[in-house]
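> need a structure here:
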Amino acid sequence: VHCVPALAEVLAPVLAEAGVSTTRIPEQREVRVEDPDKARFYRGVADDGARARAIYARHGIGSTAAFVGLDLMGAASSEEGLRRAVADCVEHESVELMCHPGYVGVGWDDFNRSPEREHELSVLLARPFASLVAQGVLRLVSFDRLP
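Model (predicted):
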């Protein structure tokens with residue numbers, strides 16, 4: 001929600017004053033999904049992300065250079081899909097992979113009860129990036145370590 005441009009305009013100066021220097025920006029440059037409704041939704045999220053990136057940048061708040069994962073959520077997640085998405089971003093200094101691993105909960109919302117979170121967890125536990133890390137192509141870091 002922090003990347004809806006109207007909200008970003010309000011949040012950016014407050015976050016900057018509080019010393020926040022980075023934030024997540026879901027600006028995925030290419031969305032690979034066949035469902036036209038999902039494609040339209042993800043494209044809207046990415047377009048809002050692009051506008052929010054500029055707003056946050058004006059206030060000295062940065063993010064990763066690239067973002068992937070909109071089209072790899074839930075059942076769409078796979079080891080090869082994650083590897084390909086991250087490998088496609090190697091020319092960027094940093095990339096965020098959005099994912100929502102976890103266990104099915106008993107919470108009140110569909111997200112918390114979704115078995116797709118366990119699918120994402122199993123994909124990540126298969127260590128899809130281990131070879132990229134071993135080859136020195138990829139280094140895992142926290143947002144607070146971004147340049």
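
> Now do the same contact list for the residue of the chain positioned farthest from its centre.
In terms of distance from the mean C-alpha position of the chain, Val106 ranks first, at 25.1 Å (C-alpha atoms, centre = their mean). For Val106, the contact set (C-beta atoms under 8 Å, 6 or more residues apart in numbering) comprises Asn112, Arg113. The C-beta positions use only the backbone N, C-alpha and C, and glycine is treated the same way.

> how's the chain carved up into domains?
Annotated domains of the chain cover 1-63, 65-147 [automatic domain parsing].

> could you pull out the helices for this structure?
5-17, 36-58, 79-87, 110-113, 116-125, 130-134 (DSSP state H).

> residue nearest the centroid of the protein?
Met98 (3.1 Å).

> contacting residues for that one?
Here Met98 is in contact with Arg24, Pro26, Phe67, Val68, Gly69, Leu70, Leu72, Met73 (C-beta under 8 Å, 6+ apart).

> So which of those sit within strands?
Phe67, Val68 (DSSP state E).

> among the contacts of Met98, which ones are buried?
Neighbour counting by 16 or more other C-beta atoms under 10 Å classes Pro26, Phe67, Val68, Gly69, Leu70, Leu72, Met73 among those as buried.

> Return the helix or strand in the chain with minimum mean pLDDT.
Between all helices and strands in the chain, the lowest mean by mean pLDDT, DSSP states H and E belongs to helix 110-113, at a mean of 81.

> which residues touch that one?
So helix 110-113 is contacted by His100, Val104, Gly105, Val106, Gly107, Arg117 (C-beta under 8 Å, 6+ apart).

> Where is pLDDT lowest across those residues?
Within the set of these, pLDDT is lowest for Gly107 (72).

> circling back to that earlier point, kindly indicate which of the buried ones among the contacts of Met98 lies nearest Ala6.
Nearest to Ala6 among these, counting by C-beta to C-beta, is Pro26 at 16.2 Å.

> Name the nearest residue to Thr51, ignoring sequence neighbours.
Residue 51: Arg, not Thr. Nearest residue to Arg51, sequence neighbours excluded (C-beta to C-beta, 6 or more residues apart in numbering): Pro5, at 4.4 Å.
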